[in-house]
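>>> Provided below for reference: sequence and predicted model.
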Amino acid sequence: MNNANGKIVLPELSYAVIGATFKVFNELGWGFSEKHYQVALAKELESARIGFRREVYVPFEYKSVKIGRYFADFIIEDKILLELKVVQKFGYVHLRQILGYLRSTKLKLGILIYFTREGVKYRRVVSPNV
């Protein structure tokens with residue numbers, strides 16, 4: 001997805017991350033749990049020497065008071081928030097989820113990865129704060 005200037009946000013890194021998810025799917029195929037894909041993707045990211053943190057605690061605050069929390073699947077090189085889903089189609093609930101994560105983390109880009117029967121589908125989500 002592009003920012004307000006029409007430029008793709010973090011193109012090289014995001015393409016590398018998306019490519020890693022395709023490698024995982026090509027190796028494993030469809031039908032595993034989200035956790036299995038997370039572990040496999042972590043191995044693939046390590047092989048590609050892409051820095052990441054997994055299952056990252058993200059507090060949700062209101063007026064500087066913690067009122068909730070999230071756990072993001074991956075934060076890639078402190079630049080991209082990556083969420084994995086094992087579902088057949090994009091859901092508004094997933095878009096809302098990643099937008100909330102982006103607001104809480106102040107990151108510019110989120111990527112939703114869907115492992116489906118037909119293969120990997122993805123959606124790049126640029127933070128409205130960019």
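Alright, I've got the coordinates.

>>> Please enumerate the strands of the chain.
52-62, 65-76, 80-85, 109-116, 119-126 (DSSP state E).

>>> Out of those, flag the one nearest residue 32.
Smallest distance to residue 32 across those (Cβ to Cβ): 7.6 Å, for strand 109-116. The C-beta positions use only the backbone N, C-alpha and C, and glycine is treated the same way.

>>> Flag the shaky bits of this protein, pLDDT-wise.
The model of the chain has pLDDT under 70 over residues 1-6, 130.

>>> Columns distance to residue 23 and mean neighbour count on top of the strands of the chain, output as TSV?
Below are those laid out as TSV (distance: least, Cβ to Cβ, whole Å; neighbours: other Cβ atoms under 10 Å):
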stretch	distance to residue 23	mean neighbour count
strand 52-62	15	13
strand 65-76	15	15
strand 80-85	14	22
strand 109-116	12	23
strand 119-126	10	17
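
>>> With distance to residue 18 as added columns, please give those strands in a markdown table.
Below are the strands of the chain laid out as a markdown table (distance: least, Cβ to Cβ, whole Å):
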| stretch | distance to residue 18 |
| --- | --- |
| strand 52-62 | 14 |
| strand 65-76 | 11 |
| strand 80-85 | 9 |
| strand 109-116 | 7 |
| strand 119-126 | 6 |
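
>>> if you take the average position of this structure, which residue is closest to it?
For the chain, the residue whose C-alpha lies nearest the mean C-alpha position (Cα atoms, centre = their mean) is residue 82; its distance is 1.3 Å.

>>> Much appreciated, bye for now.
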